[in-house]
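J.: have a look; sequence and predicted model below, questions after that.
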Amino acid sequence: MELILWRHAEAEDGLPDSARKLTGKGLKQAEKMAEWLKPKLPKNTRIIVSPAKRTQQTAKALEDEFETVKEIGPGASAKAILAAADWPDAKGAVLVVGHQPTLGEVAALLMSGEAGEWNVRKGAVWWFSHKKSEGVPETVLRSSISPDML
């Protein structure tokens, strides 16, 4: 299984939180990352997105169909993200467009096996693979990239 975590790009301040839009810079970040991601995504990647406006705008930069999943919205737990993605049992790839601190918590859990508060930069992608090597489960970080690196 492939699990791709994509944090929403830079968003405006304001309330309500769910209605915050991407800034001009954020729109550019989303476009850059989508350009990098799109040719790399495996065929039939399932894309799940928080209902918040800023995550919806980030996902739309891919110009692909996606599911809005309220359980992965702001304040979701790392376990809720992993459950929504069916980690590690899903077939193929799942792209999650979500929020901090949850995505950092997911990354910490996958890499260390323990809860942690890791930072995922705005607009960044962290790409994980899960497989069994000689019957032993193995999680590998394939890529961690932010828009300013593109």
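T.: Looks like it arrived, so ask away. Numbers count the residues shown, from 1 in each chain.
J.: moving C-terminal of the helix ranked longest in the chain, what's the next helix or strand?
T.: The helix spanning the most residues in the chain, taking DSSP state H as the definition, is helix 24-37. Moving toward the C-terminus from helix 24-37, the first helix or strand encountered (DSSP states H and E) is strand 46-49.
J.: list the helices and strands the following helix or strand past that next one packs on?
T.: Once strand 46-49 ends, the next helix or strand along the chain (criterion: DSSP H and E) is helix 53-60. Secondary-structure packing of helix 53-60 (3 or more CB pairs under 8 Å, 6 or more residues apart in numbering; DSSP states H and E): helix 24-37, strand 46-49, strand 93-98. For glycine as for every other residue, the C-beta is placed from the backbone atoms N, C-alpha and C.
J.: return the most buried member of these.
T.: For the helices and strands packed on helix 53-60, the largest average neighbour count (mean count of other CB atoms under 10 Å) is found in strand 93-98, namely a mean of 25.
J.: and that one, what does it pack against?
T.: With contacts defined as 3+ CB pairs under 8 Å, 6+ apart, the packing partners of strand 93-98 are strand 2-7, strand 46-49, helix 53-60, helix 78-85.
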